[in-house]
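Trainee: With the input below, show me the fold.
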Amino acid sequence: MCNRYANKGSIAEIRRIAKAMGYGVETTSATDNYGGQENIYPDQDAPVLRPKGKGKLEFASLRWGFPPIPGQKTPITNIRNLKSKWWRDVNREWLTDSKYRCLVPFTEFAEPVRDSTWFNIKDHEIAFFAGVWRPWHGERLKEQPGKKRRAREEGDWELYAFLTTEANDIVRPVHEKAMPVILTDPDECEEWLGGGAESLRLQRPYGADEMSARK
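Mentor: All right, here's what the predicted structure looks like:
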């Protein structure tokens, strides 16, 4: 339930929501004229909001998927078991340091299958996944829109992933194992961006009665 999402919000909407939370937004050359994306899949580029000094967030385009676990090839898109050695010890800095926290804006999410069920948040045009990002050097797929086969290239990347948790009552019939960690409350967004182990308490299901589903 966590490998396909949409962000149909424009940069103007992102600025409006960030302002309501008390933040200004700085864009990059890749996000200056952002108009939204209908489908975002792993190993594609998409924007996140990350801290950029006091009272500011940067709307930056990063690649979805942390480096794979050694011996595997698939990027890590979703972070679930925070008690595992992989997150508790090996990658703890990326998980808890406020520098590497981010909010991943979305309007809907689904599984990458035919006849997908899409889930959205009532009364919120744009909501956020609780995300983390990190720099990394290695080989990833090139961004080549419209091409089914994408060449690989080595380089310096900025990667993001987001937390997942147990599914709530509306998601469970479609995907029983997990759903993204969703944030809409300004105080919780600020808490997440502030980092620290205590903020990991936000890894919990979003209220099912505050969500809707569509085919």
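
Trainee: Listing request: residues of the chain with sub-threshold pLDDT.
Mentor: Counting by pLDDT under 70, the chain shows low-confidence ranges at 1, 144-149.

Trainee: Longest helix of it, counting residues only.
Mentor: helix 11-20 (DSSP state H).

Trainee: which residues does the closest residue to residue 193 other than its chain neighbours form a beta bridge with?
Mentor: The shortest distance from residue 193 to any non-neighbouring residue, by C-beta to C-beta, 6 or more residues apart in numbering, is to residue 101 (5.0 Å). For the C-beta atoms, the positions are set from N, CA and C on the backbone; glycine is no exception. Counting by DSSP bridges, residue 101 forms beta bridges with residue 132.

Trainee: contacting residues around residue 101?
Mentor: 50-51, 131-133, 192-195 (C-beta atoms under 8 Å, 6 or more residues apart in numbering).

Trainee: repeat that with 10 Å
Mentor: Applying C-beta atoms under 10 Å, 6 or more residues apart in numbering to residue 101 gives the contacts 48-51, 94-95, 130-133, 191-196, 199.

Trainee: Give me the distance between it and residue 136.
Mentor: Separation of residue 101 from residue 136 (C-beta to C-beta, to the nearest Å): 17 Å.

Trainee: filter the contacts of residue 101 to the buried ones?
Mentor: Those of the contacts of residue 101 that meet the buried threshold are 48-51, 94-95, 130-133, 191-193, 195, 199, by 16 or more other C-beta atoms under 10 Å.

Trainee: where does residue 91 fall, phi/psi-wise?
Mentor: Dihedral pair for residue 91: phi -120, psi 20, per degrees, to the nearest 10.

Trainee: tell me, how many neighbours does it end up with?
Mentor: Residues near residue 91, counting by other C-beta atoms under 10 Å, number 20.

Trainee: now swap in the one 5 residues further on and tell me
Mentor: Using other C-beta under 10 Å, residue 96 is surrounded by 18 other residues.

Trainee: isn't it right next to residue 192, touching?
Mentor: No - assessed by C-beta atoms under 10 Å, residue 96 is found out of contact with residue 192, at 11.2 Å.

Trainee: middle-most residue in this protein, spatially?
Mentor: Centroid-nearest residue in the chain: residue 104, 3.7 Å away (criterion: C-alpha atoms, centre = their mean).

Trainee: Next secondary structure after the helix or strand containing that residue?
Mentor: For residue 104, the element it lies in under DSSP states H and E is strand 101-106. For strand 101-106, the following helix or strand on the C-terminal side (DSSP H and E) is strand 108-110.

Trainee: Which residues does that following strand contact?
Mentor: Contacts of strand 108-110 (C-beta under 10 Å, 6+ apart): 1-8, 38-40, 116-121, 127, 129, 171, 174-175, 179-180, 182, 212-215.

Trainee: ok, the residue nearest to residue 166 when sequence neighbours are not counted - how many residues close by?
Mentor: Leaving out its chain neighbours, the residue that sits closest to residue 166 by C-beta to C-beta, 6+ apart is residue 205, at 5.9 Å. Around residue 205 there are 20 other residues, counting by other C-beta under 10 Å.

Trainee: again, but for the one 10 residues further on
Mentor: Residues near residue 215, counting by other C-beta under 10 Å, number 7.

Trainee: May I see the buried residues of stretch 179-186?
Mentor: Buried-residue list, stretch 179-186, by 16+ other C-beta under 10 Å: 179-184.
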